[in-house]
Structure formats: structure tokens, C-alpha cells
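[1] coordinates only, no sequence provided:
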């Protein structure tokens, strides 16, 4: 491990970190591994940190940066590929009284020069920059100068999975970051990511030269997120029912695979009375920025997007993330769903999934120009996601198991996954599977080519369609053999056979063919316990989950949420939100950068009557107490008796 020791100080690293946590960020205690990570980094240790979205990764480098700057160690360089995150975090740090800045393409030349001057003078505490900027000759010369003068305190490499070809968001510019270890020995480095399997972790360590770094792996569990997967049956209508019944008027993200589907879904939701905005790389940059700003600054916006949207979005009150198409792998799914409920309040991860999703994802892998090893790896990752989608046991256990974490079923409860809330019916589908595979074999044997799921089901159920007659498939021994099984159940069986690898879906039209494992099923050597096809999910009117706000939302403390607000508390909360909106507009910031909803809710519940009492509210640091304390007390006083 590298070690650049701090100047002598009688206080421990933990004492100094705790002071910053309380004074600057207004929190009373760390969450999970945060304290250990912060203490390790403050004294100059290298670290690799795996922590879920919303788990408080940013504090793991912000607090060491502040402590080391106070000890005259200079500026911390934060490497991030995300302009949105840079803007939000710099705004939040400045609000908290920490001098921070970013260097990216949005700046005018004069502003960039001013920020460089502040960096070189050691006045900045943190500087955010993209990886491609870090490796430029100009930036390296500046870092060289800072290093020679002892003013380069640390490097934080966020979204570190981007350095790995096995990761779900590989970015070539990250490979250049190996220069940091070579060029600046003795400067501590902390790499952070929310999602990385064992292969990706090993790649991060290798490519960033973190072999001697301490590895911190937090629990990947997000207990406030409720996971649910539904079989596609008019997916847009299913999505609309989910939003209306459980998240009307609340912020959410809907992910679609294609730009066209994003545009169509956003337009359709607006027609149905849901305020929705599209976001994808095909839109003009100014349109994307405008839509992102509205999502961050307004309440109740639903963003319909490709995966181009989301990384670095710190909005804490996203109440749901929905997928209308299957993601590529569990890492992507986990990171995307993790954008919900960053404030610790109940949130939903909802996905509609069908056979076409499996077909499309397998085809994209097969048609990729990547090498065979990479394709094998991607197929394995897709298979793991399919197993999660088709699971009839606890989804949370399966999700955490993928990341090597043992857990118990979430059991019945408010935030339980769909399978634990309502255990799905299963049946012994071995004979049905043999019927389907035998029918595929007979069709290919007679016709010399393959057909899709719809035609296969018609043959199995003995349906005399024009296509069946045209190809003479009514003469097959398997014609009508599955007439007793409903069409919806056959579709479920075929989808699960494809997901399990016992059937292959090939080509543009998803025609079905036998696989190497088909023979074992046909021989009866494999017993198949499958989910029963279910009717469309019933609407849960009045079932929207409510709860108090979680203190320290966005990642600082483990303090339990306050009790739900009564009518008077809700009135105070509304008044505080109105005041916060005015402040946010005046400062040109998202409202949650001023204060999270969780902090306002605690104020509304506790009704502090003095600055000392207000200072005890989680999320109220010294700078914010000084800047806003009197105004908050006036707002609360004006609502007494309301």
C-alpha cells in the first residue's frame, strides 16, 4: 500500500473524520464500512471499494480529501466520466462549505483557466475531471507540479468498473489511468464502483495497479428496494397500471432498449396523463440537458431512457425504476435499479420480460464482433440474469448470490420481492417440455428448417392454421399432443426452456432449434419444475407504500427513519419544500442539493425551535446551519398550529 502520512496530529484519523462528517455534512455516524474506508484512506492507504448505489461512496473520498486538505496535503483529484455527477457533487460540496470545482467541456476557457489557477495554488479541496482530461500532457504537467510541492493529496477513481473489458460499461480512456500509479507513487488512490463481479474486480486491480490496496466489499443488499418481474402482456399498459396504482405523481425512470421505443413510450405516457421525458444519445445535446435538468429539479417527472441515462444521477427521491426490455446482465440491472430509493425510503424495481427479450439479447451477443472468450462471458452473464427473471424463489437471495453474498429470503413484508410476497405456483413441466422439444425435432425433420414459438404452439395445441396446413404439420405425430395446455402456459414453457438453454432461439425471427442439452430433457433425465404462467398482475389500488424519510439519505448514516408525518407534520413538510424550491432556484441547483426530503421530513417531525436544536437534525452541517438556519426556523414558526 502507498502511504503519504499526515503531519503529526494528536487526534486519530477516526476522530478527524467524525468531526468532518458532523460539521460539514451534518450526520452523526457512519454507515457500514464507511468509517473503516475513510480512516484507511486518510492515513494514505490505497483502496478498492465496492458499495451499492446509494450506499454513500462519495463520502468515502470526500471526507479523506477534506481531512488531508486541512492538514496542508493539497487537492484531491476525482476521476469521473459523468458530467452530471460533477455538477451535482460540486454544487453540494460548495453548499456544505467545501471548495470544489470541475474541469470538463461545459466550461468557458476563462473559467477553466481560473479553476486551474485555484488548483495549482492548493486552494481547491477537490477537483473533478474526466479520465480523458487526466491523461493530457497539460494536466499531467500540472499534477507533476502539485506532486513536487506536496499539494496532491489523493486520487479517487469513481465508476472504476469502466476500466475493465469484463465490466458492463467499459471505457477505453480509463486504461490510461494506470499512469497515476507509475507517475505519482506515494499518493493514495481509492477506486470505487457499485457493481463488479469477481472477474471485473480482478481486472480493476490489475489495470489500476492496486495489487497492494485494501479491498472493501459492502453488502449489496438494498433492503428498501422491492424487486418484481412480470411476464409481458401488453407491456406499456402493464407499466401504466404500475405507475398509476403505486407511483402516481412520483419520480421514476423507465429503461427501454432502443431510441425509437424510448420516444414512443414517452409520447404514449404523456398521452395517458403521465409527465414523461425521453432521453437517449440520438437527441440533441441541449435537449438531453434540458430533460435531465427538469428530471433533477422538478417533482414527479418520469424519465424514459436508454442506458445512456442514469450514471452519476444523485436524485435521491426516484421512487421506481422500470425495465420494458431485459438488460444485458445482472451488473447493469443492479446498477440501474439502484438509482431508485437513494434516500432510503421504499422504492420499486419493476421489469416486464418476455421471450423476445431473450431472443434479442442472445442475438446481440452472437452478432457482436467481439472475440469468443468475451462472448462466452456475456452469455454466462445473460444466463444469470435469465435465471433471476425466471426464479420462483427469493429474487433478493439470487441477486445477492451473484455478487458472492449469502443472504436469507426477504420473507413477507412491505419491501419483500414479488416471489416472497406472493409465492408463485410451480408445476412439474418435464412432460410438457418433452412435448415441445419433440415437436421442434419433428418439424425440423419434416420441413428441413425451423419455426418460431407461435407456430410451434399452434402445432402443439392442434390449431388448424393456414401455416400449419401449408407445411403439412397437421400430419406430425406431435400435432395436438399439447391441446390440454393453454396457450399462455405454452408460451411460458417455451420462454423458460430458452432461458434454461434447452431450446435455442435463432436468427432475426427467433426460430427455435434444439440444443446440446435438449437430448437430456427428451430422455427424461432432467426434471423441470417451472413457474406456472400467471394472469396479468392485479392492480393494487391503494397499495402505494408510505413511510417516514430515512435520515442521511444518499448515503451517510444508518439512523432509522422517523415515524410517518401526521397532517400537521405534512403541512410543515410542504412549507419547507416550498422554501427549499425558492432557494434552489436562486442558487440554480437541484432542490435535493440544498436539503434532502429526508432532512426536511425530520425537521417537520421534530419542530426544532432553536439553532441548537436544528443542528441536531441529520443532514444539517455547520455551513447550512449558518446559511439557512434562521430562515428554516421562521418557516417552522409560521406553520405552528397548522
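    Thanks, I have it. Since we're looking at a predicted model, the values are computed, not measured.

[2] give me the low-pLDDT residue ranges for the stretch 301-450 of the chain?
    Across the stretch 301-450 of the chain, residues meeting the criterion (pLDDT under 70) sit at 310-312, 413-414.

[3] what segments of it are strands?
    Secondary structure of the stretch 301-450 of the chain (DSSP state E, counting those that start in this stretch): strands at 302-305, 320-323, 347-353, 426-428.

[4] now the helices for the stretch 251-400 of the chain?
    Using DSSP state H, counting those that start in this stretch, the helices assigned to the stretch 251-400 of the chain run over residues 259-271, 285-297, 330-337, 355-366, 372-390, 395-402.

[5] nearest to residue 598, out of those?
    Between residue 598 and these, the shortest gap by CB to CB is with helix 285-297, which sits at 17.0 Å. Yep, even glycine has a C-beta here, placed from its N, CA and C like the rest.

[6] so for the closest one, mean pLDDT?
    Confidence over helix 285-297 (mean pLDDT, whole number) is 89.

[7] what's around residue 85, how many residues?
    20 (other CB atoms under 10 Å).

[8] follow-up on the earlier one: return the most buried member of the helices of the stretch 251-400 of the chain.
    helix 330-337 (a mean of 24; mean count of other CB atoms under 10 Å).

[9] where are the low-confidence patches of this structure?
    1-10, 165-170, 310-312, 413-414, 507-509, 534-563, 640-642.

[10] picking up where we left off before, which of the helices of the stretch 251-400 of the chain sits closest to residue 594?
    Nearest of these (CB to CB): helix 285-297, 11.1 Å.

[11] what's the offset of that closest one from the middle of its chain?
    Computed by CA atoms, centre = their mean, to the nearest Å, the chain-centroid distance of helix 285-297 equals 19 Å.

[12] same deal with stretch 260-271?
    That offset, for stretch 260-271, works out to 22 Å (CA atoms, centre = their mean).

[13] helix or strand: which one has the residue lying closest to residue 184 once chain neighbours are set aside?
    Using CB to CB, 6 or more residues apart in numbering and skipping residues adjacent in sequence, the residue nearest residue 184 is residue 147, 5.3 Å away. If you go by DSSP states H and E, residue 147 is part of helix 137-148.

[14] following the chain onward from that helix, which element is next?
    Using DSSP H and E, the first helix or strand after helix 137-148 is strand 152-157.

[15] list the neighbouring strands of that next one plus their orientation.
    For strand 152-157, the paired strands and their directions (DSSP bridges) are strand 75-79 (parallel), strand 189-193 (parallel).

[16] measure how that strand sits relative to helix 137-148, angle-wise.
    Angle of strand 152-157 versus helix 137-148, following axes from the mean of the first three to the mean of the last three CA atoms, to 10 degrees, is 130 degrees.

[17] rewinding a little: wait, doesn't the residue nearest to residue 184 sit right on residue 187?
    Yes - using CB atoms under 8 Å, residue 147 is in contact with residue 187, at 6.7 Å.

[18] looking at the two, which has the bigger crowd around it?
    Shown here are residue 147 and residue 187; by other CB under 10 Å, residue 187 has more neighbours (23 against 16).

[19] pull out the buried positions in the helix holding residue 147.
    Buried residues in helix 137-148, defined by neighbour count with 16 or more other CB atoms under 10 Å: 139, 142, 143, 146, 147.

[20] for stretch 295-315, same thing?
    In stretch 295-315, counting by 16+ other CB under 10 Å, buried: 295-297, 301-307, 309-315.

[21] how much space separates the residue of the chain positioned farthest from its centre from residue 449?
    Within the chain, the residue lying farthest from the chain centre (CA atoms, centre = their mean) is residue 475, at 51.5 Å. Distance of residue 475 to residue 449, computed by CB to CB, to the nearest Å: 17 Å.

[22] over to residue 566?
    68 Å.

[23] cool, residue 65 as well?
    Applying CB to CB to residue 65 and residue 449 gives a distance of 63 Å.

[24] more neighbours: those two, which one.
    residue 65 (29 against 10).

[25] and the residue lying closest to that one once chain neighbours are set aside, what does it touch?
    Nearest non-adjacent residue to residue 65, counting by CB to CB, 6+ apart: residue 76, 3.5 Å away. Counting by CB atoms under 8 Å, 6 or more residues apart in numbering, residue 76 touches 61, 64, 65, 68, 69, 125, 126, 127, 153, 154, 155, 156.

[26] do that again at 6 Å, thanks
    65, 126, 153, 154 (CB atoms under 6 Å, 6 or more residues apart in numbering).

[27] mind checking the SS state of the first one?
    The three-state assignment at residue 65 reads helix, by DSSP: H, G, I helix; E, B strand; the rest coil.
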